[in-house]
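In: dropping the sequence and predicted coords here.
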Amino acid sequence: MAGYSHRTAQPPVLAVFLPWGVSAGAGRVRPAAANVGYEIFLPNVFYFFTILFVYKKNYLIFFAFIFAAKNYFMKKIFTYLLGLGLPLAGISQTPFTPGNLVVVQVGSGGAGLTNKSAPVSLIEINPSSPNTPVQTIQLPYTTTMATGGNNRLVVQGSSSNDGNLTISANGAYFIMTGYNADTGIATISGVAGTNRTFARIGMNGAFNTTTLMDTAKSKGNARCAASNDGSGFWMAGSTGGVKYVPFGSAGTGIGGDTAVVVSTTVGNLRTIQPFGGDLIIGNSSGTISRVGKLTGFPTNSGNTITPLPGVSLTLTSNSVYFTSLPGGPSGLNTLYIADDGGNPSGIKKYCLNAAGTNWDSIGIIDATGNYRGLTGITTGSTVALSAIKSGSPLNAFVDATGWGVAPTATATKILSAPTNTAFRGVQLVPISVPVNLLSFNASKTDAGNAKIWWVIASEVNLDKYIVERSIDGKNFNELSTVKANNQSNYEFTDAKIIDVTTYYRVKFINNNGTFSYTNVVAVTPKKSIKLDVFPNPVKSNLIISYPKSTLVSNVRITSLDGKTLVNQAVQLGSTQTSLDVSKLISGNYLVIFNDAEGNISTQSFVK
């Protein structure tokens, strides 16, 4: 078959596939989940089938052939198979491999893509051996497949911008959006009463499609969605601007179960992606912006998209990749845009000028090529890009020219989409956590202000640290930026005198704009006690380190809701206490140290 072949070198395996009446031509075999087998589609005249077979030495031995009634036996068989724990195509639990690519494939291959709703699969490939997919994750496209509270997710087959893929700002999830409908529905983007579905696919390979947008806001093409940490989704579509939906929304439109339109600056959008702690918005029309940003991750209405100065108002922004290259201003200073709008199209490179005031057009990669999905990875001054050209193929480019220099990269084909399917979005599986944090803490100084410090084991592709402060522990403001320079110990002193309990955390910004946070530490107006806990995460014995104890003191462990789980007196003159936490369940906890004068210090840890 065109595009790629399924892995054949595997041990014998019993596989069970439930096509649920999909018609794609008699006897057609196509890849299903890796290490599972093959999915066989049969004409609708047979209604529903279950085929069990043993796959061995490149031939199929049919073990059983069962005819089942549409509404009774299939549900029985499906429930039974779930009880056995047998693998089903589309419900993969295989973790993604760092450095691999994940591509959105639209269509089953049985017939050409039209304006009818079509199934969606996520294909994981190793770029060094792309013709043998690592795994295929089929998102549910019938109510029978949508188990465990999940919903259906299909896209409009011939809509070239449906099915874009993003990665959450914290790097934990792949994110996409579509329609809660069956396949085969004409112009699904215009069918009234069709909820938009959001998919959150974890790095362990497990997907979640439980979140829906209410039908009142579910208008036009569902093109792209973004997330900060999987707790909420921001959607870009063909109408209505940027909309926010919290994770788990049932889409009823009642009370808080309603999407929020966070910005109407531009109504018809192509992409929405998190970079540098902001939402980057791309579109293809109008005179306001073609690439702009929403500051942070707003959940309220009335926000304005700020255009990036210098970016052409004639290009089409289908997908973007930001990075930071040496020689340019600090922070994200280089931008690649996947354009299919002409004038000409291609992958367009922009660089932030030395003054940090304008994005200058530097050049075009593969001019006249119509590009949609785009991702990349940066090593030093070299940027490796992967981009989808007109639905197929997926191409690779290496731009080693650096900041401010026109690109000279040429296309190398990675993979073609199978016949009657198309590739839409693509993302790289995160390679590493940018920073390995050993400890983070803050304390009040003798001068009355706060000292914040953190200890790092290693930094990989890390750009900077942002120290943040809050007076309620929930709403944080940026206090200062500390450049990452591959050292082990960092510290910062807040000039503000601590007169109320003040909370601190540090935000780690990776070179590609993804980010993560430390735990939150509180500094009280009373004397703060420098407190460290290790190892963190911990399995059995937790060591709490503090200044020499000269007062009656105690240390306790609480759950995040304040329930005391362990309480132990501190020996006078000691500097460490060891606590057995082996019986605690996995999760997040707090260590609280306090003395007879009422001084207190808090530190968090993970079991």
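Out: Yes, it's here.

In: which non-adjacent residue is nearest residue 246?
Out: residue 232 (4.8 Å; Cβ to Cβ, 6 or more residues apart in numbering). Just so you know, the C-beta spots here come from the backbone N, C-alpha and C atoms, and that holds for glycine as well.

In: so residue 281 touches residue 237, yeah?
Out: No. If you go by Cβ atoms under 8 Å, residue 281 and residue 237 don't touch, sitting 11.8 Å apart.

In: give me the more crowded residue out of these two.
Out: Higher neighbour count among residue 281 and residue 237: residue 281, with 31 against 28, using other Cβ atoms under 10 Å.

In: let me know the secondary structure of that one.
Out: strand (DSSP: H, G, I helix; E, B strand; the rest coil).

In: so who does it touch?
Out: Residues near residue 281 by Cβ atoms under 8 Å, 6 or more residues apart in numbering: 236, 242, 263, 266, 269, 271-272, 289, 291-294, 305.

In: ok, it to residue 320 distance?
Out: According to Cβ to Cβ, to the nearest Å, residue 281 stands 9 Å off from residue 320.

In: which neighbours do these two have in common?
Out: 271, 291.

In: and residue 189, which of the three is it?
Out: Applying three-state DSSP: residue 189 is helix.

In: got the contact list for the nearest residue to it once chain neighbours are set aside?
Out: Counting by Cβ to Cβ, 6+ apart, residue 189 lies nearest to residue 221, which is 4.5 Å off, once chain neighbours are set aside. By Cβ under 8 Å, 6+ apart, residue 221 lies in contact with 156, 159, 161-162, 189, 237-239.

In: now secondary structure and pLDDT too, for the residues you listed, in TSV please.
Out: Shown next, in TSV, are those (DSSP: H, G, I helix; E, B strand; the rest coil; pLDDT from 0 to 100):
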residue	secondary structure	pLDDT
156	strand	97
159	coil	95
161	coil	94
162	coil	97
189	helix	97
237	strand	97
238	coil	97
239	coil	97
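
In: closest to residue 444 among the residues you listed?
Out: For the contacts of residue 221, the closest approach to residue 444 (Cβ to Cβ) belongs to residue 237, at 49.1 Å.

In: thinking again about what came up before, ChimeraX command to pick out the buried ones of the contacts of residue 221?
Out: To isolate the buried ones among these in ChimeraX, judged by 16 or more other Cβ atoms under 10 Å, type:
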select :156,159,161,162,189,237,238
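
In: show me this structure divided up by domain.
Out: 1-88, 90-428, 433-528, 529-607 (automatic domain parsing).

In: winner for burial among those?
Out: domain 90-428 (a mean of 20; mean count of other Cβ atoms under 10 Å).

In: flag the shaky bits of the stretch 301-450 of the chain, pLDDT-wise.
Out: 380, 432-439 (pLDDT under 70).

In: what does the chain give?
Out: 1-93, 380, 432-439, 457-458, 460, 527-528.

In: mind checking what helix or strand follows the helix or strand hosting residue 452 in sequence?
Out: Per DSSP states H and E: residue 452 is located in strand 450-459. Downstream of strand 450-459, the next assigned helix or strand under DSSP H and E is strand 462-470.

In: before we move on, back to that, which one of the contacts of residue 281 is nearest to residue 324?
Out: Among the contacts of residue 281, and counting by Cβ to Cβ, the member closest to residue 324 is residue 293, at 15.9 Å.
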